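A.B. asks: With the sequence up front, the predicted model follows.
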Amino acid sequence: MSEILIVEDTESDAALLERALRGAGIANSIVRFTNGADTVAFLHSKQAATGKERVAIVLIDLKLPDISGFEILKVMQGRIGFAETLRVVVSSLDSRESIKTAYLMGADSFISKPPNHFDLQELIRSFPEHWLLVDPLQPSSSTPPNKQGNSSSDEAVRIWTENREVIRKVRETHELLRKTLDDNEETFVIIETLLEELRNKCASGAQNATANPKKKRHTGLLL
C-alpha cells in the first residue's frame with residue numbers, strides 16, 4: 001500500500017505539495033486529480049483493492065470546482081477498502097467549523113496551504129506506517145516555526161491529532177449505536193444526549209483546570 005492521491009484543482013498548489021513531499025524524502029508514487037468527480041470514480045475503482053493496490057494516503061483540498069473535499073471524505077467513510085487509508089485535508093480554509101466537519105467525515109489530519117517542512121515531518125511521524133521514505137526521519141529537537149497570529153483552528157488541529165485514538169473509539173461507538181438501535185428519532189435523541197453529557201464534562205473539566213492551575217488539564221474534543 002504505497003500510492004498517494006493528491007486532489008487539488010490549482011496547478012501551482014499541487015506542484016508545491018508534490019515538491020514538498022519529495023523534499024521530505026517521500027518515495028510513494030503520486031497520482032493527482034483536479035476535480036471531485038474523477039476522484040470519486042477512481043476511489044470506486046479502488047474500494048475493493050488489497051495489498052499494494054490500496055490507496056495509502058489521500059491529500060484532499062476542500063474547495064474543488066464540482067464535488068467538494070467534504071463529499072469525497074464522505075464517499076470514503078465507512079468503506080472497508082479505505083479503512084487503512086490516511087486521509088489528510090490540505091486547505092487554505094482555517095475556520096474551526098470546517099476543520100470539525102472534515103474530522104467528523106473521517107479526516108485523520110489537517111495541514112494548511114502552503115505545506116511547510118515541519119508540518120509534513122510531523123504528519124509523517126504521526127502516521128509512519130503509510131509512507132515510503134528515502135531516508136527515515138530522525139528525531140528532531142527543533143521547535144515549530146512561530147506562525148504569526150496562531151488561530152483557534154491551529155489549536156483545534158493539534159487537539160484532534162493528539163487525541164485521534166480517542167476520536168476513533170468515539171466514532172466506533174457512535175456507529176455501533178446507530179447499527180444496534182432502530183434508526184428513528186428516539187435513537188438520535190439518545191446519541192445527542194450522550195454527546196451533550198460529554199460536552200458538559202469537557203466544559204466542567206476546563207473550568208476546574210482554570211480554577212486550579214496545578215491540576216493536570218484535560219483538553220475536550222470538538223464534538
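C.D. replies: Sure, I can see it. Numbers count the residues shown, from 1 in each chain.

A.B. asks: Buried ones in stretch 74-82, by neighbour count?
C.D. replies: 75-76, 81-82 (16 or more other Cβ atoms under 10 Å). (Glycine included, C-beta is placed from N, CA and C.)

A.B. asks: before we move on, what about stretch 114-133?
C.D. replies: So, applying 16+ other Cβ under 10 Å, buried residues of stretch 114-133: 115, 119-124, 127, 130-131.

A.B. asks: again, but for stretch 40-53
C.D. replies: Using 16+ other Cβ under 10 Å as the test for burial, stretch 40-53 gives 40, 43, 46.

A.B. asks: Closest one of those to Val88?
C.D. replies: The nearest member of those to Val88, counting by Cβ to Cβ, is Leu43 at 15.0 Å.

A.B. asks: hang on, the earlier thing: and the buried residues of stretch 74-82, which is the shakiest by pLDDT?
C.D. replies: Sorting the buried residues of stretch 74-82 by pLDDT puts Gly81 at the bottom of the list (84).

A.B. asks: which SS class is it?
C.D. replies: helix (DSSP: H, G, I helix; E, B strand; the rest coil).

A.B. asks: Now distance to Ser98 too, for the buried residues of stretch 74-82, in a markdown table please.
C.D. replies: Listed next are the buried residues of stretch 74-82 as a markdown table, based on distance: Cβ to Cβ, whole Å:
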| residue | distance to Ser98 |
| --- | --- |
| Val75 | 18 |
| Met76 | 18 |
| Gly81 | 26 |
| Phe82 | 21 |
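
A.B. asks: Closest one of the residues you listed to Arg54?
C.D. replies: Set against Arg54, the nearest of the buried residues of stretch 74-82 by Cβ to Cβ is Gly81 (6.8 Å).

A.B. asks: Wait, that closest one touches Gly51, no?
C.D. replies: No - with contacts counted by Cβ atoms under 8 Å, Gly81 stays clear of Gly51, the gap being 11.5 Å.

A.B. asks: before we move on, back to that, now intersect the buried residues of stretch 40-53 with the strands, please.
C.D. replies: The members of those all map outside strands under DSSP state E.

A.B. asks: Restricted to helices, list those.
C.D. replies: 40, 43, 46 (DSSP state H).

A.B. asks: From Ser109, how far out is the nearest residue to the second one once chain neighbours are set aside?
C.D. replies: In this structure, Leu43 finds its nearest non-sequential neighbour in Val75, 5.9 Å apart by Cβ to Cβ, 6 or more residues apart in numbering. For Val75, the distance to Ser109 equals 18 Å [Cβ to Cβ, to the nearest Å].

A.B. asks: Now do the residue lying closest to Ile30 once chain neighbours are set aside against Glu129, distance only.
C.D. replies: Once flanking residues are discounted, Ile30 sits nearest to Ile4: 4.8 Å by Cβ to Cβ, 6+ apart. Distance, Ile4 to Glu129, by Cβ to Cβ: 14 Å.

A.B. asks: and what of Glu84?
C.D. replies: For Glu84, the distance to Glu129 - Cβ to Cβ - is 8 Å.

A.B. asks: what do you get for Pro114?
C.D. replies: Using Cβ to Cβ, Pro114 is found at 26 Å from Glu129.

A.B. asks: try Ser92
C.D. replies: 28 Å.

A.B. asks: What of Ser112?
C.D. replies: Relative to Glu129, and taking Cβ to Cβ, Ser112 is found at 24 Å.

A.B. asks: Let me see the domain layout of this structure.
C.D. replies: Structural domains assigned to the chain are 3-153, 168-211, following automatic domain parsing.
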